[in-house]
Structures are given as C-alpha cells and as structure tokens.
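K.L.:
how would this look folded up:
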Amino acid sequence: QVQLRESGPGLVKPSQTLSLTCSVSGGSILTNSYYWTWIRQPPGKGLEWMGAMSYSGNTNYSPSLKSRTSISRDTSKNQITLQVHSTTPEDTAVYYCARGSVYPGTAVYDYWGQGTQVTVSS
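P.N.:
Here you go, the predicted structure:
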C-alpha cells in the first residue's frame, strides 16, 4: 500500500519561501511511469495543479507558477520537495502531494496525501 505524507510549516510570512516535503512509503519514487505531483486548494476554490516530477527526474510546472516554484527529490529518503518562492497571502491553501499516471489526454491520481494547511500571513 503506497502512502504519501506531506510535512512542513503551517505558517509562512509573505515574501518568504514555502517548503513542503512529501514522504512516500510502500513504493519507490523511481518506479517507472509515475509522476509525483503537487496540487493545492485555496479556501473556497477548486484544486490547482502546481507541478510534477517524473520517475526519471523531469519536472513540469503550471505556467502561472513556473517562475517561482521548484520541485526536487531526495531518492535516498524517497521524498519529493516543493518550494514556492516570493509567497503572498494568495498562496494560502491546503497542499497535497499525489501519485499520478499519465495517459493520452488525461492523468489519473491514485494515491494522495492527507494534505497540509499552509497559511501565508504576517
């Protein structure tokens, strides 16, 4: 059973960097074909796809966040890390990591973390 768990500070000051870690157990982040994805949900809004790192280490980001978002990994710890720089209160959201598989025209996310609330406020 694959399990994902997000961790990181719940409160970030505006302009600082938000850093979250997704710890994966029950499966390797190097397993062929999977994409380790960050998704967030601001209060009162829908889910927003932020970016993903493939099993081979390639990254892809939402165009609206690309300039200030980075995703990295620690293969020895089986972890995926998200950083969002130059944060504003609009980055306040519940942040999720998820395992995805890509198919023609669609993607399927079969395992999710429980989500972690991040508030950007002074």
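
K.L.:
show me what contacts the residue minimising distance to the centre of the chain?
P.N.:
Among the residues of the chain, the one closest to the centroid is residue 38, at 2.3 Å (CA atoms, centre = their mean). Neighbouring residues of residue 38 by CB atoms under 8 Å, 6 or more residues apart in numbering: 20, 22, 50, 51, 52, 71, 80, 82, 95, 96, 97, 98. For glycine as for every other residue, the C-beta is placed from the backbone atoms N, C-alpha and C.

K.L.:
hmm, try it at 6 Å
P.N.:
Contacts for residue 38 were tallied using CB atoms under 6 Å, 6 or more residues apart in numbering; they are 50, 51, 82, 97.

K.L.:
how about the contacts made by residue 39?
P.N.:
Contacts of residue 39 by CB under 6 Å, 6+ apart are 47, 49, 96, 98.

K.L.:
tell me the secondary structure for it?
P.N.:
strand (DSSP: H, G, I helix; E, B strand; the rest coil).

K.L.:
picking that back up, let me have the contacts of residue 39 in TSV, adding pLDDT, neighbour count and distance to residue 89 as columns.
P.N.:
Output for the contacts of residue 39, formatted as TSV (pLDDT from 0 to 100; neighbours: other CB atoms under 10 Å; distance: CB to CB, whole Å):
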residue	pLDDT	neighbour count	distance to residue 89
47	96	14	19
49	95	17	21
96	98	22	20
98	97	22	25
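
K.L.:
among the contacts of residue 38, who's most crowded?
P.N.:
Ranked by neighbour count (other CB atoms under 10 Å), the contacts of residue 38 have residue 97 at the top, with 30 neighbours.
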